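K.L.:
Below is the sequence, then the predicted model.
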Amino acid sequence: MTVLKDTGERVIPEAMKPMNESLLEHIARYHFSAAYVTGRTLDIACGTGYGAKFIAKTRKKQISDMLGVDVCPETIDYAVKHYYHPLLKFQTGDALDPELKKQIGTFDTILSFETIEHVPDDRVFLSRLNELLNPGGTLVISTPFGEGRGVPCGQEFHYHQLTEAEFFSLFQEQQYDFAEISHFFQNGVAIESTKRKDVYYPIGIAVCKKQL
């Protein structure tokens, strides 16, 4: 049996208490994203695979197949052994690899949760996802807010954390061809489209539809 070490970033439901805050936040994002998932679907940086299985099971009538990709071979091995679904496959891959499209193809829906802060260049990362997304397809992506691009954030596995303005304006840049962009804010399990003044929202979510 594959045993994964807790890095402080990786979510391993079997090794966590049911009310663990980080686990509940991650599950909430998958529940939120399910309504947008159709066709061929990619969960990039899928981690241990619990979320990809949830989507495959929940949206089995709306998807053609589901692929979970992660850069860590041990994590993918764990996902394969713990989260089977007939519509779901897992494989190793690097989101920044320019050859990834040749390896896995293109998708109608892409999910990317808590990943963009782990790469040195968020624009390159988003360009790679844009290449993998079919015209008319939907990207659902999240990240924790921070002090800004290029500013050390004190998190061991994060290059930096974008400000709210940097994150949401990123998808409006012309090279990505997003026709529709919706902004959401997350605090715990609560995900809202309107930002309340009396609530602190540490995480942002963007839902972006690519032009046809």
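P.N.:
Yes, it's here. Here the structure is a predicted model, which is why all the values come from computation and not from measurement.
K.L.:
wait, what's in contact with residue 127?
P.N.:
175-176 (Cβ atoms under 8 Å, 6 or more residues apart in numbering). All C-beta spots, glycine's among them, are computed from the backbone N, C-alpha and C.
K.L.:
Residue numbering should commence at 518 henceforth.
P.N.:
Sure thing, new numbering starts at 518, so read that last one as residue 644.
K.L.:
Per-residue pLDDT of it, please?
P.N.:
Looking at residue 644, its pLDDT is 96.
K.L.:
That one: helix or strand, and which one exactly?
P.N.:
Of the helices and strands defined by DSSP states H and E, residue 644 is found in helix 639-649.
K.L.:
cool, residue 611 as well?
P.N.:
When elements are assigned from DSSP H and E, residue 611 belongs to no helix and no strand.
K.L.:
what does the one 3 residues further on give?
P.N.:
Applying DSSP H and E as the criterion places residue 614 outside every helix and strand.
K.L.:
got a list of what it touches?
P.N.:
When the contact criterion is Cβ under 8 Å, 6+ apart, the partners of residue 614 are 620, 645.
K.L.:
ok and the helix or strand following the helix holding residue 644 relative to helix 639-649, angle-wise?
P.N.:
Past helix 639-649, heading to the C-terminal end, the next element that is a helix or strand (DSSP H and E) is strand 650-661. Calculated by axes from the mean of the first three to the mean of the last three Cα atoms, to 10 degrees, strand 650-661 forms an angle of 150 degrees with helix 639-649.
K.L.:
Pull the distance from strand 650-661 to the chain's centre.
P.N.:
Put simply, strand 650-661 sits 9 Å off its chain's centre (Cα atoms, centre = their mean, to the nearest Å).
K.L.:
Quick check: the gap between residue 644 and residue 551.
P.N.:
Using Cβ to Cβ, to the nearest Å, residue 644 is found at 26 Å from residue 551.
K.L.:
now the strands for this protein?
P.N.:
Applying DSSP state E to the chain gives strands spanning 556-561, 580-587, 605-609, 624-630, 650-661, 695-704, 707-709, 720-727.
K.L.:
Make JSON lines out of the ones you listed and add mean neighbour count.
P.N.:
As requested, these are arranged in JSON lines below (neighbours: other Cβ atoms under 10 Å):
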{"stretch": "strand 556-561", "mean neighbour count": "24"}
{"stretch": "strand 580-587", "mean neighbour count": "22"}
{"stretch": "strand 605-609", "mean neighbour count": "19"}
{"stretch": "strand 624-630", "mean neighbour count": "24"}
{"stretch": "strand 650-661", "mean neighbour count": "21"}
{"stretch": "strand 695-704", "mean neighbour count": "16"}
{"stretch": "strand 707-709", "mean neighbour count": "15"}
{"stretch": "strand 720-727", "mean neighbour count": "21"}
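K.L.:
count of neighbours near residue 714?
P.N.:
A total of 4 residues lie near residue 714 under the criterion other Cβ atoms under 10 Å.
K.L.:
Same question for residue 538.
P.N.:
Here the number of neighbours of residue 538 (other Cβ under 10 Å) works out to 11.
K.L.:
Distance-wise, check it relative to residue 720.
P.N.:
Relative to residue 720, and taking Cβ to Cβ, residue 538 is found at 12 Å.
K.L.:
got it, and residue 603?
P.N.:
Relative to residue 720, residue 603 is positioned 32 Å away (criterion: Cβ to Cβ).
K.L.:
Equivalent analysis for residue 555, please.
P.N.:
According to Cβ to Cβ, residue 555 and residue 720 sit 24 Å apart.
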